[in-house]
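**Student:** 3D, please:
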Amino acid sequence: MRKINRRQFIQQSSIISAALTSGNFFQAKPKFSFSTLGCPDWTFEKILDFATTNNFNGIEIRGILRETDINKIPAFSPSNLAATNRMLTDKAIPIVNLGSSAALHHPAGETRTKHLDEAKQYIDLASKLSCPFIRVFPNNLPKDDSKIKVLDLIAEGLTVLSNYANGSKVRVLMETHGDLLRKDDLSYVMKRVPEKNTGLIWDIMNAWSITKEDPALIYPPISKYIYHVHVKDGVFDGDKLKYTLLGKGVAPIKDAVQLLHKNNYSGYYSFEWEKLWHPEIAEPELAFPPYPAVMKTYLS
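**Tutor:** Numbering: from 1, shown residues only. This is a model prediction of the structure:
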């Protein structure tokens, strides 16, 4: 073993101390996933194979073969769950989020009950898949009620789901979506729900495209609630937003992810290429492969 003198020891100790003080020493290695919303014509097997060979660390399920009701997807039927879990283990690709269609803005009644029941089914399935998160969302808030009343209704729904998730190791994440995009409204809701079993999905472009709030402004009040991030890019054609490949648009993705990384965000950066809803955009074979490399340049 090579001996070092006192001066060398002090120099090396100073370098290590500086790294520890800066926080960079403990920064989590970025993890990349993609939503199956972007590959609506791929089988489950192809999804896993593609993730494995294209530098992705996980997948987010939002439908397979154009079926968005997870209860109708064969890979997740009770009889196939064991085989599905084996495939995930063999490929070393986890499911990092189950994207439900459960919306929390509906008033009391049959529709609201139906959406909450769907979210509960997703919690049950996520637990069986060792998946840490499910996604719920608000959409356009009802105009015949005051905004505060609807925000309270959303918080109430999240609380119901938080209680249901007890013991499941699943966290219910509300996406920044629809009319619930502004930092003050998001903070209002999240302050009224249990922190246990709940959190946010920060869809960077969803929020910015409407509010134009700089990431440096929206991030601080919601930062402690963020467990998952949706990434996509786009440009405006008049008032209409059009999707572009990552790095080719005007959304402040680089600023947002650098802010997250600087503050030791340890979750996934998930590419949400909305091909199922926007069939005119590029095929996943073109859109997906550059994503990890572009993100690494943002985070380097």
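**Student:** going by C-alpha atoms from here, please, whenever you check contacts or count neighbours.
**Tutor:** Noted.
**Student:** right, and the helix or strand after the helix or strand in which residue 228 is found?
**Tutor:** Using DSSP states H and E, residue 228 falls within strand 226-231. Next along the chain after strand 226-231, taking DSSP H and E as the criterion, comes strand 233-237.
**Student:** helices or strands up against that next one?
**Tutor:** Taking 3 or more CA pairs under 8 Å, 6 or more residues apart in numbering; DSSP states H and E as contact, the helices and strands that strand 233-237 lies on are strand 240-244.
**Student:** burial of residue 167, as a residue count?
**Tutor:** Burial of residue 167 is recorded as 9 neighbouring residues (other CA atoms under 10 Å).
**Student:** re the thing from before, go through the strand holding residue 228 and flag the buried ones.
**Tutor:** Neighbour-count burial for strand 226-231, counted by 16 or more other CA atoms under 10 Å, picks out 226-231.
**Student:** tell me which strands that strand pairs with, and in which orientation.
**Tutor:** strand 198-203 (parallel), strand 268-271 (parallel) (DSSP bridges).
**Student:** quick check: mean pLDDT across it?
**Tutor:** Model confidence over strand 226-231, given as mean pLDDT, is 99.
**Student:** repeat for stretch 120-133
**Tutor:** Stretch 120-133 comes out at a mean pLDDT of 98.
**Student:** what's the answer for stretch 72-84, then?
**Tutor:** 98.
**Student:** so what touches that stretch?
**Tutor:** With CA atoms under 8 Å, 6 or more residues apart in numbering as the test, stretch 72-84 has contacts from 44, 63-64, 67, 70-71, 125, 128-129.
**Student:** tell me which of the buried residues of strand 226-231 is nearest to residue 287?
**Tutor:** residue 231 (12.5 Å; CA to CA).
**Student:** tally of neighbours for the nearest residue to that closest one once chain neighbours are set aside?
**Tutor:** Spatially, and ignoring its direct neighbours in sequence, residue 231 is nearest to residue 271 (4.9 Å; CA to CA, 6 or more residues apart in numbering). Residues contacting residue 271 under the criterion other CA under 10 Å number 26.
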